[in-house]
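> how does the following fold in three dimensions:
(one chain, ligands or ions: 1)
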Amino acid sequence: MKSFLIVVCHKCGGFLLAKAGQKIRTCPYCGVTVFLEKAKKVASASDANEASIILRKLKKDAVLKQKSAKLQ
Ligand SMILES: [Zn+2]
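Numbering: from 1, shown residues only. From the prediction side, this is the model:
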């Protein structure tokens, strides 16, 4: 069971880390309220450490490619 999700902010396109079961998150980049059920999920992880590694990779890829990778 993956307990962390990485979703994309619908407003600014930033990557957010959320715990599974969480319903809303505030985007740390633009401050908008993100409803996790509606947000685009790009990855999931088993623990916070794995999640932060994935998040770092996603941000790096986003800078390089300027497009979102769909993993699901
Ligand atoms: Zn945002």
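> helix/strand/coil for the residue nearest to residue 14 when sequence neighbours are not counted?
Among residues not flanking residue 14 along the chain, residue 29 sits closest, at 3.9 Å (CB to CB, 6 or more residues apart in numbering). Every residue, glycine included, has its C-beta placed from N, CA and C. The three-state label given to residue 29 by DSSP: H, G, I helix; E, B strand; the rest coil is coil.
> one more: residue 57?
Per three-state DSSP, the secondary structure class of residue 57 is helix.
> distance of it from the ion?
19 Å (CB to the ion, to the nearest Å).
> since we're on that residue, how many residues are nearby?
Neighbourhood size, residue 57 [other CB atoms under 10 Å]: 13.
> residue 62 should be in a helix, yeah?
Yes: Residue 62 forms part of a helix when assessed by three-state DSSP.
> ok, it touching residue 12?
No: between residue 62 and residue 12 there is no contact, the gap being 11.6 Å when judged by CB atoms under 8 Å.
> these two: which is more packed in?
The neighbour comparison of residue 62 against residue 12 (other CB under 10 Å) goes to residue 62, with 17 against 13.
> from residue 3, how far out is that one?
Distance, residue 62 to residue 3, by CB to CB, to the nearest Å: 23 Å.
> alongside the ion, which residues does the protein contribute?
Residues of the chain lying close to the ion by CB under 5 Å from the ion are 9, 11, 12, 14, 27, 29, 30.
> and those residues, which are buried?
The neighbour-count test (16 or more other CB atoms under 10 Å) marks 9, 14, 27 as buried among the residues of the chain next to the ion.
> for the second one, give me the pLDDT.
The one in question is residue 14. You'll see residue 14 listed with a pLDDT of 94.
> do the first one as well
The model reports residue 9 with a pLDDT of 96.
> now swap in residue 71 and tell me
Residue 71 is given a pLDDT of 52.
> any chance you could map the helices in this protein?
Remark: helices assigned in the chain by DSSP state H are 48-65.
> where does it have low pLDDT?
Within the chain, the stretches with pLDDT under 70 are 66-72.
> kindly recompute the last result at 90.
The model of the chain has pLDDT under 90 over residues 1-2, 20, 59, 61-72.
> I'd like to know how far residue 18 sits from residue 32.
14 Å.
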